[in-house]
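> dropping a prediction and its sequence here:
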Amino acid sequence: MGFYKTRKWINKREKVLRRDEYMCRECRRYGKTSAATTVHHINQLRDHPELALAEWNLISLCGRCHDKMHDRTTDALTALGQAWVERMRPTLEIL
Ligand SMILES: [Zn+2]
């Protein structure tokens, strides 16, 4: 998808990584510090393109945790990925 090559995304991704201090947010929940390598869309881009650049919808993750958010074959959210959607749902309702 061309979106990931856009300047808007590249800038936003960098901003989110900086916000999260380049650390994985999922690991942080368990008191671990891992370097973040990916910025994940909590509400998936394909379902919520309007949230593509919403900072609250973006979290920095390490590769391991990002793999745990998506089903490898279908790319659908796993239970863990869905848990983040639920965690952020109040934000979606306010907007
Ligand atoms: Zn992690």
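Looks like it arrived, so ask away.
> any idea how many residues pack against N11?
11 (other CB atoms under 10 Å). To be clear about C-beta, it is placed using only N, CA and C from the backbone, and glycine gets the same treatment.
> for it, what are phi and psi?
With angles defined as degrees, to the nearest 10, N11 sits at phi -70, psi -40.
> hey, which helix is longest across this structure?
helix 79-94 (DSSP state H).
> show me what it is packed against.
helix 63-69 (3 or more CB pairs under 8 Å, 6 or more residues apart in numbering; DSSP states H and E).
> how about 10 Å then?
On a contact count with 3 or more CB pairs under 10 Å, 6 or more residues apart in numbering; DSSP states H and E, helix 79-94 meets helix 25-29, strand 38-41, strand 58-61, helix 63-69.
> what stretches of the protein score poorly on pLDDT?
Where the chain drops to pLDDT under 70, the residues are 1, 95.
> residues contacting the residue most central in space within the chain?
Nearest to the mean C-alpha position of the chain, by CA atoms, centre = their mean, lies H40 at 2.2 Å. Applying CB atoms under 10 Å, 6 or more residues apart in numbering to H40 gives the contacts 16, 24-26, 57-61, 65-66, 69-70, 81, 84.
> same check, this time on I42
48, 51, 54, 56-59, 69, 77, 81-89, 91-92.
> so which residues on this protein come close to the ion?
C24, E26, C27, S34, C62, C65 (CB under 5 Å from the ion).
> apply 8 Å and report the result again.
24-28, 32, 34, 36, 61-66 (CB under 8 Å from the ion).
> format the residues you listed as TSV; extra columns: neighbour count and distance to W9.
Shown next, in TSV, are the residues of the chain next to the ion (neighbours: other CB atoms under 10 Å; distance: CB to CB, whole Å):
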residue	neighbour count	distance to W9
C24	25	20
R25	20	19
E26	22	21
C27	18	23
R28	17	23
K32	12	27
S34	19	23
A36	24	16
L61	24	16
C62	20	20
G63	13	19
R64	12	23
C65	23	20
H66	19	16
